[in-house]
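# Take a look and give me a structure for this.
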Amino acid sequence: MAIWTPNLTGRTGPRYSQIIAAIADDISSGILRPGTRLPPHRLLAYALGVSPNTTSRAYAEGVRRGLLRGEVGRGTYVRSPQGGLSAGKSADLHRPSDGPIDFSHNLPFAGAAANHLAQTLSELGGTPGLQTFLDYQTETGLSHHLAAGATWLRQTGIIAPKEEIVISCGAQHGILAALLALTCPGDVLLTEEFTYSPIRTMAEHLGLKLCPVAMDNDGIFPDALEEACQRRAVKILYLTPTIQTPTTATMSEARRAAIAAIARKHQLLIIEDDVYAPLKASPRLPIACLVPQHTIYISSTSKCLSPGLRVAFLHAPPGLVAALRHAVTISCWMPPPLMVEIAARWIFDGMANALTEAQRKEAVARQELARTILAGHDMQADPEGFHVWLPLPTGWHPDRFCAEAAQQGVRLIEGAAFAADDRLKPNAVRISLSHEPARDRVITGLKILAKLLKAPVSNPPLIM
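Numbers count the residues shown, from 1 in each chain. You can find the predicted model right below:
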């Protein structure tokens, strides 16, 4: 039986580039499905009449481009695109009522924010001095917007004057501003070994050396953090202590205290991304409260109120506030004042708390569905969180599982998308329960996954 070989007819350029171009074409056309194991590079080299170095280089280029994945001792496989989608396509962020069930985006529930927005915009229409919200602002911004930020942060335990508040265009922008303000190319950035995926991209673009710190179900290990601080010259740590993405871990008070003590000992700055803390009915005290002079604390309205309300509030030590505000200015000049005004009004009139409570209740209901439908499987989740971390049983690889789920109409993200280092290969997927507007579609999607989990498959055969 003949092995699969790429069609190189009419292709130009170096032989290895012809091979990878043919692989990309066959992935796009569906000839090579996600999870397919490619021929060993020596066998393919013999079939094509080229050297093994040529096919090895082609496979390496395929891995670099994200088309393939290689596993020592197992072979080279066609990689499933992020979210388990077909090759050449990417998931959009709209919330359809039909079509594939999207468990790949960790956005908040659709909620009732739009209904309240209409009323808020109507009230704004009668407000004198609207030009203020359409004009440039100074680095400081409007005083009552900073006061709203101080009020918002108070719910998770951060008591701070408005002079120590910085406003950004969402938490992701806040993280970027902090890195711009605090780091230089070549600096080491510590983070959890599985982390918010844009962190890796930010580090690459800013020339930072990302150093993952080992973790368990309680967050990063203090001993591992201590070792990293002793082994390398480090000055900054990024982490998410509450409902961590993707593992769902929430640090205990003891673990937070241990991390704070290490930060104090080594003069380590912490970027504490706490966007999910408002979802907790009883949030734990932020690390920023334990070592305020060593922590930049970030909270956002977009995870609790509405994803399009791109407003984040940062609290920083007084000596870093000016640098953070300058970083916001050079990256976007200013957050849109009109958007911040909407967030501020909702914070002051209690609407923000009501919308957050609605998000929490829906999260609790959907997590209960997940626990019921996926009962018997090793899932990790926070009862008030948006997502589930699902280790896969023996016989399943995340690529293959995402590909099979996609074939049955369910989009997921494999655990490797959150790895801070390519050498970390978690045999797990993340299931986001919040993107789908209707619970019945969530139920259908979870049942599809439960059925897949009960019928694990062996490694896919070499394509013939």
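# Output stretch 197-204 as PDB, nothing but the C-alphas.
As requested, the backbone C-alpha atoms of stretch 197-204 are provided in PDB (Å, rounded to 0.1, in the frame of the first residue of the first chain):
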ATOM      1  CA  SER A 197      -2.200  33.000  25.700                       C
ATOM      2  CA  PRO A 198      -1.600  36.600  24.600                       C
ATOM      3  CA  ILE A 199       1.200  36.900  27.200                       C
ATOM      4  CA  ARG A 200       3.500  34.800  25.100                       C
ATOM      5  CA  THR A 201       2.800  37.000  22.000                       C
ATOM      6  CA  MET A 202       3.400  40.100  24.000                       C
ATOM      7  CA  ALA A 203       6.700  38.700  25.400                       C
ATOM      8  CA  GLU A 204       7.900  37.800  21.900                       C
END
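# Which residues outside it are in contact with it?
Counting by CB atoms under 8 Å, 6 or more residues apart in numbering, stretch 197-204 makes contact with 172, 175-176, 179, 189, 191, 208-210, 238, 417-418, 420, all of which sit outside it. The way it works is simple: take the backbone N, C-alpha and C, and place the C-beta from them, glycine included.
# Could you point out which of the residues you listed is nearest to Arg284?
Minimum separation from Arg284 among the contacts of stretch 197-204 (CB to CB) is found for Tyr238, which lies at 18.4 Å.
# Might one say that the closest one is in contact with Asp274?
No - applying CB atoms under 8 Å, one finds Tyr238 not in contact with Asp274, separated by 11.8 Å.
# any idea whether the spatially closest residue to Ile3 that is not a sequence neighbour is helix, strand or coil?
Counting by CB to CB, 6 or more residues apart in numbering, Ile3 lies nearest to Pro39, which is 4.7 Å off, once chain neighbours are set aside. For Pro39, the assignment made with DSSP: H, G, I helix; E, B strand; the rest coil gives coil.
# ranges for the helices of the stretch 101-250 of the chain?
Secondary structure of the stretch 101-250 of the chain (DSSP state H, counting those that start in this stretch): helices at 113-125, 143-154, 171-182, 198-206, 222-231.
# looking at those, which is buried most?
The highest mean neighbour count among the helices of the stretch 101-250 of the chain belongs to helix 171-182 (a mean of 23), with neighbours defined as mean count of other CB atoms under 10 Å.
# Which elements pack onto that helix?
The criterion is 3 or more CB pairs under 8 Å, 6 or more residues apart in numbering; DSSP states H and E, and the helices and strands that helix 171-182 contacts are strand 165-168, helix 198-206, strand 234-239, strand 269-273, strand 295-300, strand 312-315, helix 318-332.
# which residues of the protein score low on pLDDT?
Regions of the chain meeting the criterion pLDDT under 70 cover residues 1-2, 71-73, 80-96, 456-464.
# And the spatially most central residue of it, its phi and psi?
Centre of the chain computed as the mean C-alpha position; nearest residue by CA atoms, centre = their mean is Tyr196, 3.6 Å away. Listed backbone geometry of Tyr196 is phi -50, psi 120, with angles given as degrees, to the nearest 10.
# need the contact list for it.
The neighbourhood of Tyr196, defined by CB under 8 Å, 6+ apart, consists of 175, 240, 245, 273, 418.
# Of those residues - the most surrounded one?
Asp273 (29 neighbours; other CB atoms under 10 Å).
# That residue reaches Ile243, doesn't it?
No - here Asp273 lies out of contact with Ile243, judged by CB under 8 Å, at a distance of 10.7 Å.
# what touches both of these two?
Shared contacts of Asp273 and Ile243, counting by CB under 8 Å, 6+ apart, come down to nothing at all.
# which helices and strands does the longest helix along the chain pack with?
Counting residues, the longest helix found in the chain (DSSP state H) is helix 351-373. Applying 3+ CB pairs under 8 Å, 6+ apart, we find helix 351-373 packed against helix 113-125, helix 337-349, strand 380-381, helix 439-453.
# State the distance from the closest residue in space to Ala47 that isn't next to it in sequence to Tyr46.
Sequence neighbours aside, Thr5 is the residue nearest to Ala47 in space, at 5.0 Å (criterion: CB to CB, 6+ apart). Between Thr5 and Tyr46 the computed distance is 10 Å (CB to CB, to the nearest Å).
# What of Pro283?
Pro283 sits 61 Å away from Tyr46, taking CB to CB as the criterion.
# And the two? Which one has more around it.
Pro283 (19 against 14).
# quick one: the more buried one and Ala277 touch, right?
Yes - using CB under 8 Å, Pro283 is in contact with Ala277, at 4.5 Å.
# Name the residues contacting each of the two.
Shared contacts of Pro283 and Ala277, defined by CB under 8 Å, 6+ apart, comprise 156, 242.
# From what I see, the residue nearest to Ala47 and Gly49 are in contact.
No - taking contacts as CB under 8 Å, Thr5 lies outside contact range of Gly49: 10.4 Å.
# out of the two, which sits in the busier spot?
When Thr5 and Gly49 are compared for neighbours, Thr5 comes out ahead with 13 against 8, by other CB under 10 Å.
# which ones are touching the more buried one?
The contact partners of Thr5, by CB under 8 Å, 6+ apart, come to 39, 44, 47-48.
# can we see that at 7 Å?
Taking CB atoms under 7 Å, 6 or more residues apart in numbering, we find Thr5 in contact with 44, 47-48.
# for those residues, which one is nearest Arg411?
The shortest approach to Arg411 among these belongs to Leu44, at 31.3 Å (CB to CB).
# And the spatially closest residue to that closest one that is not a sequence neighbour, how close does it get to Val63?
Excluding its sequence neighbours, the residue lying closest to Leu44 (CB to CB, 6+ apart) is Thr55, at 4.8 Å. Between Thr55 and Val63 the distance is 13 Å, computed by CB to CB.
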